[in-house]
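In: no sequence on this one, just coordinates:
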């Protein structure tokens, strides 16, 4: 995600693992906010809502999905219809409370 961007609050029918390779940001899983930076892993279990809330530096990484259970649906799933269109993710200065490693 370069210079902010868009993201959609969503969940999956399988577990997902994000591996952060570049940048710093604030993400949320199940309503709990976390700061992430290179080397961090974000694990969301099937059904857990997750989102990118703010970026402080261009954010890069990749994700791995564990595979759908029988009857599982592919792709992003939404708890609320309004989450489908996504939202702007602001780029902000790095907060003083961010523990840079």
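Out: That came through, no problem. Not measured: the values here are computed from a predicted model.
In: The helix or strand of the chain with the lowest mean pLDDT pairs with which strands, parallel or anti?
Out: Least confident element among the helices and strands of the chain, by mean pLDDT, DSSP states H and E: strand 5-7 (a mean of 92). Partners of strand 5-7 in the sheet, by DSSP bridges, are strand 87-89 (antiparallel).
In: just for this protein, where's the confidence low?
Out: Residues of the chain that meet the criterion pLDDT under 70 lie in 3.
In: hey, where'd the strands end up in it?
Out: 5-7, 16-22, 25-29, 32-36, 41-44, 50-55, 60-65, 87-89 (DSSP state E).
In: re earlier: buried ones in the least confident helix or strand of the chain?
Out: residue 7 (16 or more other C-beta atoms under 10 Å). Glycine gets a C-beta too; all of them are placed from N, C-alpha and C.
In: contacts for that strand?
Out: Contacts with strand 5-7, where a contact means C-beta atoms under 8 Å, 6 or more residues apart in numbering, come from 1, 51, 52, 55, 86, 87, 88, 89.
In: re earlier: nearest to residue 99, out of the strands of the chain?
Out: In terms of C-beta to C-beta, the element of the strands of the chain nearest to residue 99 is strand 32-36, at 7.2 Å.
In: contacts for that closest one?
Out: 18, 20, 24, 25, 26, 27, 28, 42, 53, 97, 98, 99.
In: and the closest residue to residue 37 other than its chain neighbours, how many residues sit next to it?
Out: With sequence-adjacent residues excluded and distances taken as C-beta to C-beta, 6 or more residues apart in numbering, residue 37 is closest to residue 24, at 4.6 Å. Neighbour count for residue 24, taken as other C-beta atoms under 10 Å: 20.
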